[in-house]
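1. turn this into a structure:
(2 chains)
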Amino acid sequence: MKLYCLSGHPTLPCNVLKFKSTTIMLDCGLDTTSVLNFLPLPLVHSPRLSKLPGWVSKDGTVNLEKELKECAGRVFVDSQPEFCLPERELLDLSTIDVILISNYHCMMALPYITEHTGFTGTVYATEPTLQIGRLLMEELVNFMERVPKAQSATCWKNKEIQRMLPGPLKDAVDVWTWKRCYSMQEVNSALSKVQLVGYSQKVELFGAVQISPLSSGYSLGSSNWIIQSHHEKVSYVSGSSLLTTHPQPMDQSSLKNSDVLILTGLTQMPTANPDGMLGEFCSNLAMTIRAGGNVLVPCYSSGVIYDLLECLYQFIESASLGTTPFYFISPVANSSLEFSQIFAEWLCHNKQTKVYLPEPPFPHAELIQTNKLKHYPSIHGDFSSEFRQPCVVFTGHPSLRFGDVVHFMELWGKSSLNTIIFTEPDFSYLDALAPYQPLAMKCVYCPIDTRLNFHQVSKLLKEVQPVHVVCPEQYTQPPLTQSHRSDLMLELQPPPMPYRRCSVLNLPFRRRYERVYILPELANSLVPSEIKPGISVATVSAVLHSKDNKHTLQSTNVFLPCLVLAPKPLLSGAVPLEAFLATLQKHGITEVKVEETADGHILHLQAEDTLIQLEEDGTHIVCDNNEPLRTTLRDLVLRFLQKL
Amino acid sequence: MQHKIQSLTQDSNHTSPSRAERFHPKLLTLQAHANQPRSVEGAGQDVGRSCILVSIGGKNIMLDCGMHMGYNDDRRFPDFSYITQNGRLTDFLDCVIISHFHLDHCGALPYMSEMVGYDGPIYMTHPTKAICPILLEDFRKITVDKKGETNFFTSQMIKDCMKKVIPLNLHQTVQVDDELEIKAYYAGHVLGAAMVHIKVGSESVVYTGDYNMTPDRHLGAAWIDKCRPDILISESTYATTIRDSKRCRERDFLKKVHETIERGGKVLIPVFALGRAQELCILLETFWERMNLKAPIYFSTGLTEKANHYYKLFITWTNQKIRKTFVQRNMFEFKHIKAFDRSYADNPGPMVVFATPGMLHAGQSLQIFKKWAGNEKNMVIMPGYCVQGTIGHKILNGQRKLEMEGRATLDVKLQVEYMSFSAHADAKGIMQLIRMAEPRNMVLVHGEAVKMEFLKGKIEQEFSIDCYMPANGETITVTTNPSVPVDISLNLLKREMALGGPLPDPKKPRTMHGTLIMKENSLKLVSSEQALKELGLNEHQLRFTCRVQLQDPHSDPDTLHRIYTHLKSVLKGYTIQHLPDGTVMVESIVIKVSSSAEDTNTKVLLLSWSYQDEDLGSFLSTLLKKGLPSGLC
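-> Sure thing, here's the model as predicted:
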């Protein structure tokens, strides 16, 4: 069993497991942090951005002023933003049989894998994962396509040139593999390969392996996966949460007894408490509004935003924000809000109970009904005429490089009355803000990451007791910035097996048994004999059929003419002297001379001139030219022995 | 393995409804040991209610817990004491599964769990769990508050009963306990309707509940994978009907409604609040829109709004088209359909009214019917099945004079139309499901005897499987043959597979020899050597040595060589070696030659072999006794 690691990002994994003749891709995460190296894509012409100076190396030998722009001491690529894809050279992607998706954040690279690689397999995901994943992809494509950029910068990627660039561009890895966003057509084609599954559903792959998604508690429809055969079990844990937010709670007990547990998607903010962050979010929001400023919340269109809106729903009245308009701007805002209300099966118990009433499970339905929350596909159209300040705007993309958020940064960045509150943990807020510097607007960093922290995960592992743990290497040492915090790493016995991008791990796994089915006819013909209390054995000679990785044993009777006879079984036990002599006597052999030897006895059958040597672990019959006698003696000896 | 199917219900409508007794739950027993009986008992040939008891591998499962709509006394509930005699239901039942929210499938649930007493798990899908308490409460109100009956479950009992319910998701494999697992499939009968696959070990049963194999305007079609259950228990409400296409029926329906409206008549459509109602609403809504009609459409009872809300929130349970477009246009927000008020019934002019309940046995639909029955311009459209004893059933059978309470009679002059919109599978659909699931045996329930008999014949003919229709109180025995799952050591399997060559031909059989170790509940198949090792046993060597005398006037080495040549020519395909130490080895059998002391022409051959080579050893000794052929060099 082998594990190919195609992504180095611990929360956006992409691994390939080879297990019993199947090739299974676990998640398909797209590392979007690469876009931080690019200049933002403004929705309306931005004089500031267009006036940024081009970059020329200090000695003047390298002139890339068309491709690279300088802003507040940092250099950005002026081009359509590009993403860092999972490794595509490590193994032939066309050999992948299935792709298992654990949550909608971990499927954003899917079109790159399923299209143009010769992939012919099936993708498995839950319904909310598919629907919301589709929305996020649609949004991404929309963000890119509505502000097309003719320029595609490539010169800076030249190894010689990249070496001379200032950081962090200089240190960016694999820049040649970075790719522009896919098209909607590719998204549709990729998603048409998805087969829907429900929690705890068991899906057979080629008769060899069974896969099953388990609730992971992180987001709507998010799952961990069990990949098992009759005798081996691999658990894949990705993006799980033990906090009570909107999704169904995590199913922990089904992870028990794994031979290997692949652990990814722990919290990216191990020191930030989500509840505390939520409180800070609310108080900063209220403070800004009261002071007459606007609040900008860069966020994804699904996920934590549901919790933020729910929190605000309870907070609005008490903070007397009843008249403040809340705007949610995204091409998929409406769909995301609508979809969140129809997945009752995937929600936590409290929300399910509301659906039974029947009431919408999320209170944002009421916020919309009472006009407190309004959603728009973009800043163009209705929004521009209905827009009132001060207000709160939720919009994407959290990288601040594209989407409507770019417009609000340009609009509000100059005033210190306004506040930007970061809630998504995927991007460093300083890097995100870099191309907007200098900035007068207040910045508040309240990253909310509900995924497992190190304390929770070590407790979980103690409970489910996997034999081996595999995890990204980042989890085996404390974070670089907090190297003294040994509590911010995984300490396990035996130590976890770390992986990094392009690792190929041989998983320590010995398969010993396989399932085979004995057909009823053969089963009825077996003659078990008890050899120890509670343990019986039976010798089996049968015809083995192997089809679609299923093995069956059938009685040989059907095939007798063409088959050789069954070999003789192995024997065990000992032949007791007295009882054996008595048996001989019963068969008319009376003249027996018994002679004691070092290891047993020699019996001399005088009338027949035959010797039988009886020992603890062997019997030797020496018999001349008398086949009937020999076979009789053989059968008598066999009576005392066990056959295996 | 044998399976006994027994139906315990005493009554059946096809004999004499007046003699009807209480019906008993049907019992189906599947046991995990070979050659043990499996049985099904309970209510069979009657559409009125469903309650089936399955025993499989020692597990007892109740499938549905319905009530009979045709009775107003004790007989409407199953007689649960029949199952356990005097014991507690909780001790006897491992779980209860409800297929959908119709009262003939869940109406007796609070009675069973709270009044008879059952505390074990009850499974149903989320929409069923949401909707069934509302229908139960509605029904309770009519029975207790309006008719003043006592000895009926209370509101609190419904709530307590629902607390015992564990929601099921589609395709989720639920482990009820270590051995019993259940899995739900989409049934398309009403919102949240499910078929259920029940499995214990290698034994399995599929229970369909009510299902529909053709997608309609709001629900999708039932689907199940090729799960090859031992028994498929299918409803057979429309056992003999093969309905014409859905489109035709819809056109027919719209034409009739339209004609009545045009001539100024009123149309009454008795429905249940949830289910067909929504489909017909969608149908009329789009028709009104297209034809630009002005006549009002009403929907009775406060349930409407609520019912539509359920459809909106459980939109994932509706059909593809509705799910795809729900963000842009929610099909369950109706523009033309308004809430009904009792006073509207006397308004002049045409109108269409949906009113509950669907069989005209009580409530608002019956009140409106009484008002409109006398006018031949009006029409009542019955879109679903009606149980015997209800007014709906009577008028569908052409009865034109109805006896009402207080000896009054009602002349039925309005037009009575029956349109089969209720989403049951017809004969074609049932056959289609059998093709999907490939069961080994078939049990038909929830149908009328004569029709079931016809279908049974068809099934047995087309699929060559046994088909049963347990009459009430009957026992049937079914035989199946499960194979035994065993863990084979990979070494042994690989060794055997390798013998077949590097690319094994699946059509070419390969033999396999090994030892089966049976310990507690585990069955392991290993090589004999490994079995010895694992069981900590010593091998006992059994050897034979045989002296064979032979006349051969040659030197000993020559004789040995002659034997070697002889055996080479006789035994093809065996390893035969002439070793330098003066022995010949055939496989592991050792042959030595020595001359007799008295006569050098008489050679004595010593053959020695172990028990494992017994056949070959015995063969060789017999062969050599015959002497060597003369032509050898």
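
2. burial of residue 495, as a residue count?
-> If you meant another chain, say so; for now it's chain A. With neighbours defined by other Cβ atoms under 10 Å in any protein chain shown, the count for residue A:495 comes to 11. Where you see a C-beta, it was placed from the backbone N, CA and C, and this is true even at glycine.

3. not what I meant, chain B
-> Neighbourhood size, residue B:495 [other Cβ under 10 Å]: 14.

4. remind me which residues of chain A are low pLDDT?
-> Applying pLDDT under 70 to chain A flags the ranges A:557-566.

5. contacting residues around stretch A:265-275?
-> Contacts with stretch A:265-275, where a contact means Cβ atoms under 8 Å, 6 or more residues apart in numbering or on different chains, come from A:10-11, A:13, A:102, A:106, A:218, A:237-240, A:243, A:425-426, A:446-454, A:457, A:475, A:479, A:482, A:488.

6. inside helices: which ones of those residues?
-> The subset of the contacts of stretch A:265-275 located in helices under the criterion DSSP state H comprises A:454, A:457.

7. go through the contacts of stretch A:265-275 and flag which are in strands.
-> Helix and strand membership here follows DSSP state E; of the contacts of stretch A:265-275, those in strands are residue A:237.

8. can I get the buried part of the contacts of stretch A:265-275 as one ChimeraX selection?
-> Command for ChimeraX that selects the buried part of the contacts of stretch A:265-275, burial taken from 16 or more other Cβ atoms under 10 Å in any protein chain shown:
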select /A:10,11,13,102,106,218,237,238,239,240,243,425,426,446,447,448,449,450,451,452,453,454,457,475,488
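
9. tell me the bridge partners for residue B:584.
-> Beta-bridge pairing of residue B:584 under DSSP bridges involves residue B:578, residue B:591.

10. now do it against chain A, distance only.
-> Here the criterion is Cβ to the nearest Cβ, to the nearest Å. By it, residue B:584 lies 19 Å from chain A.

11. tell me the pLDDT of that residue.
-> Predicted confidence (pLDDT) for residue B:584: 87.

12. OK, contacts around residue 96?
-> Reading this off chain A. Counting by Cβ under 8 Å, 6+ apart, residue A:96 touches A:16, A:23-25, A:113, A:119, A:121.

13. that was the other one, I meant chain B.
-> Residue B:96 is in contact with B:61-62, B:65, B:109, B:112-113, B:118, B:120-123, counting by Cβ under 8 Å, 6+ apart.

14. quick one on the thing from earlier: among the contacts of residue A:96, which one is most surrounded by other residues?
-> Neighbour counts for the contacts of residue A:96, by other Cβ under 10 Å, peak at residue A:25, which reaches 26 neighbours.

15. return the set of residues that bridge with that one.
-> The partner list for residue A:25 in beta bridges (DSSP bridges) reads residue A:16, residue A:99.

16. do I have it right that it meets residue A:18?
-> No: under the criterion of Cβ atoms under 8 Å, residue A:25 lies out of contact with residue A:18, with a separation of 10.5 Å.

17. show the buried residues in the contacts of residue B:96.
-> For these, burial is judged from neighbour counts taken by 16+ other Cβ under 10 Å, and it is met by B:61-62, B:65, B:109, B:112-113, B:118, B:120-123.

18. adding secondary structure, write those residues out as a markdown table.
-> Compiled in a markdown table, the buried ones among the contacts of residue B:96 are given as follows (DSSP: H, G, I helix; E, B strand; the rest coil):
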| residue | secondary structure |
| --- | --- |
| B:61 | strand |
| B:62 | strand |
| B:65 | coil |
| B:109 | helix |
| B:112 | helix |
| B:113 | helix |
| B:118 | coil |
| B:120 | coil |
| B:121 | coil |
| B:122 | strand |
| B:123 | strand |
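
19. closest one of those residues to residue A:85?
-> For residue A:85, the nearest member of those is residue B:123. The distance, counting by Cβ to Cβ, is 44.1 Å.

20. so which of the buried ones among the contacts of residue B:96 are also by chain A?
-> Of the residues in the buried ones among the contacts of residue B:96, proximity to chain A by Cβ under 8 Å from any Cβ of the partner chain holds for none.

21. any idea which of the residues you listed is closest to residue B:229?
-> residue B:61 (13.6 Å).

22. so residue B:550 sits in a strand?
-> Yes: residue state for residue B:550 (three-state DSSP) corresponds to a strand.

23. identify the bridge partners of it.
-> With beta bridges defined as DSSP bridges, residue B:550 has these partners: residue B:603.

24. which residues are in contact with it?
-> Residues touching residue B:550, when contacts are defined by Cβ under 8 Å, 6+ apart, comprise B:559, B:602-605, B:624-625, B:627-628.

25. ok, and the most crowded of those?
-> residue B:603 (24 neighbours).

26. isn't that residue right up against residue B:556?
-> Yes: in this structure residue B:603 lies within contact range of residue B:556 using Cβ under 8 Å: 7.1 Å.

27. okay then, goodbye and thanks.
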